[in-house]
Each structure stands twice: as C-alpha cells, then as structure tokens.
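Peer 1: Here is my input; please provide its structure:
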Amino acid sequence: MSNLTPFNKNIFDFSPSRIFDDHFNSLFKYFNTAIPKTDLRETNSEYIVDIDLPGINKENINLTYEDNTLYLSAIQSNENEQKDNNGNTVFTERSKSQISRYYHLPNGDEDNIKADFENGVLHVSVPKLNSINKKSKIIDIQ
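Peer 2: A predicted model of the protein is given here:
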C-alpha cells in the first residue's frame, strides 16, 4: 500500500528487492506496534515493570500473576472517520488488535502487587517474598 503514495520514492530507483523491502517493512511495522515496549528493573525487594500502552483504555487491560509469571493482555480499538466540507462521512475505518506479553518474575508476592496506568504507561510493582517459595515433592524410588 505504501507504493500508492505519490512522490514517496524516487521513480528511477527501482529494483526487484524494493518489493520485498516494502513487504517486510510493513510486516515489522505491524509487529512493533503489537508488542509493547517494556522496561523491567529488579531491585533487592521488588520487580518494577513499565509497559508502554499508548492509545489503550485502562478498561481494556488485563493483568494477572500466576506461577511466577506476570501476564498482560490488552485490546486496542481504533476508529478513523473522515468527513467532507459538508460534514458527511466520506470514509470510516475501524481496527482492533490484541496485545499480549508475559514476564517471568520468580518469587513474587502476589498478594501485594500494585499497578497503575498513567499517560499510556502501565506501572507494575511486584514485591519479592523474603523466602523463596519453591514447592517440592519427595519422590519414592521403586
């Protein structure tokens, strides 16, 4: 679709590889928007996770912690409407995408996890337990 934009590229600069460049650039552009950018820091007492979720409403974010893993899923809905000079709708486009990611954060205190969402950034604090919570099972040898 980017080839439909006039004056986007030099018309004398044609090579067969340009077709593939356009295809892969648009493919990676999609993946970059579908995987949220994350900053993850670990201190002696907690994990701090900052996740960029621009354009997503707080109500569309789901965050869970299970089996030492923080799971994030979010739905992003967009609607673009263009009108003419008379106010009539000329073009409407809707899109919906799901974003998901998980972070392995061992020994987290699931009862004291805190999260807040401000200016398109989800801030999550996962305190660490004082003792390592490992379940073990004695196996009988036969």
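
Peer 1: What is the neighbour count of residue 38?
Peer 2: 14 (other Cβ atoms under 10 Å). All C-beta spots, glycine's among them, are computed from the backbone N, C-alpha and C.

Peer 1: Residue 104 reaches residue 68, doesn't it?
Peer 2: Yes - between residue 104 and residue 68 there is a contact under Cβ atoms under 8 Å: 6.4 Å.

Peer 1: more crowded one of those two?
Peer 2: Remark: of residue 104 and residue 68, residue 68 carries more neighbours, 15 against 10, as counted by other Cβ under 10 Å.

Peer 1: Now that one: closest residue in space, sequence neighbours ignored.
Peer 2: Sequence neighbours aside, residue 106 is the residue nearest to residue 68 in space, at 4.6 Å (criterion: Cβ to Cβ, 6 or more residues apart in numbering).
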